[in-house]
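Novice: Show me the folded form of this:
(chains A and B)
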Amino acid sequence: MSSDLIVVGLSHHTAPVELRERLATPDEGVPQELQALVAEAELHEALLLSTCNRVELYAHAAEPHRALERARAHFRSRAGEGVESCLYHHRGADATHHAFRVAASLDSLVVGEPQILGQVKTAFELANDAGTVGMLLGRCFTRAFAVAKRVRNETRIAEGTVSISSVAAELAEKIFGDLRGRRTLLLGAGLMGETAARSLGATGARLVVINRSREKADALAASCGGEARDYELLQSELVLADVVISSTSADRFVLTRELMREVCRARRHRPLFIIDIAVPRDVDPRVADMDNVFLYDVDDLQKVADEGLAQRRQEAEAAEAIVRAEVGDFESWRRSLALTPTIVELRSYFQQVVKEEVARTAPRLSARSDEDERALRAMSEAIVNKLLHPALTHLKASASQPEGEQLIAATRTLFRLGSGDPPSPTQGSADVVDAARASREAPTNGPLPTRKTHGV
Amino acid sequence: MLISALFTTTAVFYGLACALYLAHLTRGREGLTRATNGALGVAVALHVAYLVTDVAAGSSLVADIHRVLSLVSFAIVVAFLVTTLKRRVTVLGAFITPVTLLFFLASGLGRSVESVPPDVRSQLLPFHIAVNVLGVSAFTLAFGAAVAYVVQERLLRRKELGGVFKRLPALDVLDSLSFRASLVGFSLLTVGVVTGALWIARESVGRAVLEPAPLMGIATWWVFASILGLRVMSGWRGRRAALGTIVGFLCAVSVLAFYALRAGGMHS
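Specialist: This next block holds a predicted model:
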């Protein structure tokens, strides 16, 4: 089987963003790019996956080696010679393995992130609409989506966030549910505090900034899309806030237990989430014991972020096992594709041989009735079936195994299937006679010339 | 024969749904969701068949405390399923289905003997029982949300932010669900207490008021009245409110338990 699946492209693993940008194709340009690639690289099928982290061409090519060279040349022509060292390629089972890993988010920058599956699905739809998806790529990507679903359902790869600001936002959501309209108070002007506040702001929370320096508060509020307040209003803002992010450079507690007691009294049991990112800390740790107050410092958040990362790594191993098993199944299916035409051709060849022999012998039989002829035909068909039965059973059983491909190829070679020139019946008889003679003449402990054929 | 087979299979499917909900909460396999919904769906269908078969045999659904317990477990599941249509709180099944299973199993402890003497029955009694059944189902929802709140709050305080924490809903969602369900349950219980008092007065069974079950009914009413009062008046919420809801629910369960024990005593 010379035609094969291939993938060629670059990703965040191999290329800087400047190069990825040069090759990236917007969705509306994908059909045109696909048509160009199909024509240039002589592809049966093609799919282009273009995201901010990767640009990859998946294809089914009649001549994989030449198609890979031409696809690389196409990418070089678009992004310059410098792109050559960043391009990688895979073919056959390796290409399938790569496709499954990408869809399952195992090859992503943040392993387990969910966006990639949607991007692969979009790429598939675009290629489908462009008419460049056939049976092989269609099956490959349908399986890739199922693999991604299995990985998501059977492992916890998508659980666990990996940055402090996303942990802060996630925790706030676990306390308040919807953060839209919730009041976030950013105290101080530390960079990490600002990042966390932005992360919360992205979820729709309202941002209020307080700093000892009003100018800094104004500048920060303007850049984050929040409102600045005077430092004197700290206590009243603490009463109103739902989330407090504290990142001042003060060398003593800013939110003391006494202050927070008064604040809590005025809050009437409303929950308050305090994130203390300052080092040294801004919030008295005893505040954590107060009812309806949840206090997390920078170490707590870092620990959660690290756990998320470690958990994802561990889960990725389980996910890789799923991908390997699915690649095995896909390859079995692909190998079995070649089996059906081989069986049909083999059976037809045998039937042709028998038909010809019966036609040649029948006139010599005297006084034969229609019934005799039917019986002769039935007998000849039974002989074909019985002769072929063990060989076909073995071929079918091994079709999904790695050696099945070799068996099918050997069968096709032995019987010259698909060449348009099967051995003639007469020639066949001579071969059998030769083989029989050879076996008689061969030393008794030597290999039998027909041995290998039997194995087939 | 049919009714006992239906009881057993319903109990098995409630048990299966319960185990699957717990597995979903603790192990977090999304693939379990379909199996869980399926198991609960089958359990509900079997429960309906069980109730219909019982009624077809000539019994009243509120004829005795055991049948009432079966009705309570059914009302809980229906209330839970209706809630999950509106809010993404399916995971609360892990706290609610065990209660359902317990009530249903308790309903099988006694049958066929009618524990309410015919001379003290009236039109008021079925209504009194019906509102209380609905009230208990609302309290069970409130209880499930409250237990989830306590668990979630504890995990958040201890900074154990693993799978269970991620799968449980946000604290605010749980608190609001617990509050609303308590409010519905309390309104129904108020009607239940009033109709119960009217029944006692009308049927001249005055001594009944001094029995543990009605007394605990009044205690339940008082606990929920206090919690809801504190919630509305002083902004009470969170862990204390959740613990109060759990206590209130246990009072409500004790009412049913006293009735069941008394019925058991009468049978013996």
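
Novice: From here on, just use CA atoms for contacts and neighbour counts.
Specialist: Noted.

Novice: give me phi/psi at the residue in the stretch 151-268 of chain B positioned nearest to chain A?
Specialist: The minimum distance from the stretch 151-268 of chain B to chain A, using Cα to the nearest Cα, falls at residue B:170 (4.2 Å). Backbone geometry at residue B:170, expressed as degrees, to the nearest 10, gives phi -60, psi 150.

Novice: Neighbours of it, how many?
Specialist: For residue B:170, the number of neighbouring residues by other Cα atoms under 10 Å in any protein chain shown comes to 23.

Novice: Would you enumerate the residues in contact with it?
Specialist: Residue B:170 sits next to A:173-177 when contact means Cα atoms under 8 Å, 6 or more residues apart in numbering or on different chains.

Novice: Check the residues you listed one by one and keep those near chain B.
Specialist: Filtering those for neighbours of chain B using Cα under 8 Å from any Cα of the partner chain leaves A:173-177.

Novice: returning to what we had before: and the gap between the residue of the stretch 151-268 of chain B closest to chain A and residue B:15?
Specialist: Separation of residue B:170 from residue B:15 (Cα to Cα, to the nearest Å): 27 Å.

Novice: and what of residue B:3?
Specialist: Residue B:3 is 18 Å from residue B:15, by Cα to Cα.

Novice: just residue B:153 next, same as before
Specialist: 27 Å.

Novice: How many residues are close by the closest residue to chain B within the stretch 201-350 of chain A?
Specialist: Nearest to chain B in the stretch 201-350 of chain A, going by Cα to the nearest Cα, is residue A:268, at a distance of 5.4 Å. If you count neighbours by other Cα under 10 Å, residue A:268 ends up with 15.

Novice: before we move on, what about residue A:88?
Specialist: Neighbour tally, residue A:88, other Cα under 10 Å: 15.

Novice: Am I right that it is in contact with residue A:12?
Specialist: No: at 11.8 Å, residue A:88 does not count as touching residue A:12 under the criterion of Cα atoms under 8 Å.

Novice: Around chain A, which positions in chain B sit nearby?
Specialist: Going by Cα under 8 Å from any Cα, the residues of chain B near chain A are B:29-31, B:156-157, B:159, B:161, B:163, B:166, B:169-173, B:234-239.

Novice: Using PyMOL, define a selection of the buried residues within those.
Specialist: The PyMOL selection below is limited to those of the residues of chain B next to chain A classed as buried (16 or more other Cα atoms under 10 Å in any protein chain shown):
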select buried, chain B and resi 30+156+157+159+161+166+169+170+171+172+173+236+237+238+239
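
Novice: contacts for the host helix or strand of residue A:266?
Specialist: Here residue A:266, judged by DSSP states H and E, is contained in helix A:257-267. Outside helix A:257-267, the residues that touch it by Cα under 8 Å, 6+ apart are A:235-236, A:238-240, A:270, A:284, A:286-287.

Novice: neighbour-wise, which of those leads?
Specialist: residue A:238 (23 neighbours).

Novice: Kindly reformat the ones next to chain B among the contacts of residue B:170 as JSON lines containing neighbour count.
Specialist: Below are the ones next to chain B among the contacts of residue B:170 laid out as JSON lines (neighbours: other Cα atoms under 10 Å in any protein chain shown):
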{"residue": "A:173", "neighbour count": "19"}
{"residue": "A:174", "neighbour count": "23"}
{"residue": "A:175", "neighbour count": "24"}
{"residue": "A:176", "neighbour count": "21"}
{"residue": "A:177", "neighbour count": "16"}
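
Novice: Can you add pLDDT and secondary structure and give these back as TSV?
Specialist: Shown next, in TSV, are the ones next to chain B among the contacts of residue B:170 (pLDDT from 0 to 100; DSSP: H, G, I helix; E, B strand; the rest coil):
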residue	pLDDT	secondary structure
A:173	90	helix
A:174	92	helix
A:175	94	helix
A:176	93	helix
A:177	89	coil
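
Novice: Strands of chain A, start to end?
Specialist: A:4-11, A:43-50, A:54-61, A:88-91, A:183-187, A:206-210, A:227-229, A:243-246, A:272-276, A:293-297 (DSSP state E).

Novice: In TSV, list these along with mean pLDDT and distance to chain B.
Specialist: Supplementary listing: those in TSV, determined by pLDDT from 0 to 100; distance: least, Cα to the nearest Cα, whole Å:
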stretch	mean pLDDT	distance to chain B
strand A:4-11	93	30
strand A:43-50	94	28
strand A:54-61	94	29
strand A:88-91	95	32
strand A:183-187	92	15
strand A:206-210	92	18
strand A:227-229	92	26
strand A:243-246	92	14
strand A:272-276	93	11
strand A:293-297	93	7
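
Novice: do you know which of those strands lies nearest residue A:149?
Specialist: Among the strands of chain A, strand A:43-50 comes nearest to residue A:149, with 18.9 Å by Cα to Cα.

Novice: when you compare where that closest one runs with where strand A:54-61 runs, what's the angle?
Specialist: 170 degrees (axes from the mean of the first three to the mean of the last three Cα atoms, to 10 degrees).

Novice: helix, strand or coil for the residue lying farthest from the centre of chain B?
Specialist: The C-alpha centroid of chain B is most remote from residue B:159, which lies 31.5 Å away (Cα atoms, centre = their mean). The three-state assignment at residue B:159 reads coil, by DSSP: H, G, I helix; E, B strand; the rest coil.

Novice: what residue ranges in chain B score low on pLDDT?
Specialist: By pLDDT under 70, the low-scoring segments of chain B are B:29-31, B:110-122, B:203-210, B:263-268.

Novice: And for the stretch 351-456 of chain A?
Specialist: Applying pLDDT under 70 to the stretch 351-456 of chain A flags the ranges A:366-368, A:400, A:402, A:419-456.

Novice: thought the residue of the stretch 201-350 of chain A closest to chain B was touching residue B:232?
Specialist: No: here residue A:268 lies out of contact with residue B:232, judged by Cα under 8 Å, at a distance of 10.9 Å.

Novice: Take stretch B:47-58, keep the C-alpha atoms, and write them as PDB.
Specialist: C-alpha atoms of stretch B:47-58 as PDB (Å, rounded to 0.1, in the frame of the first residue of the first chain):
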ATOM      1  CA  HIS B  47     -41.800   3.800  41.500                       C
ATOM      2  CA  VAL B  48     -44.700   5.100  39.500                       C
ATOM      3  CA  ALA B  49     -45.600   1.500  38.600                       C
ATOM      4  CA  TYR B  50     -45.300   0.500  42.200                       C
ATOM      5  CA  LEU B  51     -47.600   3.400  43.400                       C
ATOM      6  CA  VAL B  52     -50.100   2.600  40.600                       C
ATOM      7  CA  THR B  53     -50.200  -1.100  41.500                       C
ATOM      8  CA  ASP B  54     -50.800  -0.300  45.100                       C
ATOM      9  CA  VAL B  55     -53.700   2.100  44.300                       C
ATOM     10  CA  ALA B  56     -55.100  -0.400  41.900                       C
ATOM     11  CA  ALA B  57     -55.100  -3.000  44.700                       C
ATOM     12  CA  GLY B  58     -57.500  -0.700  46.500                       C
END
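
Novice: Thank you, goodbye.
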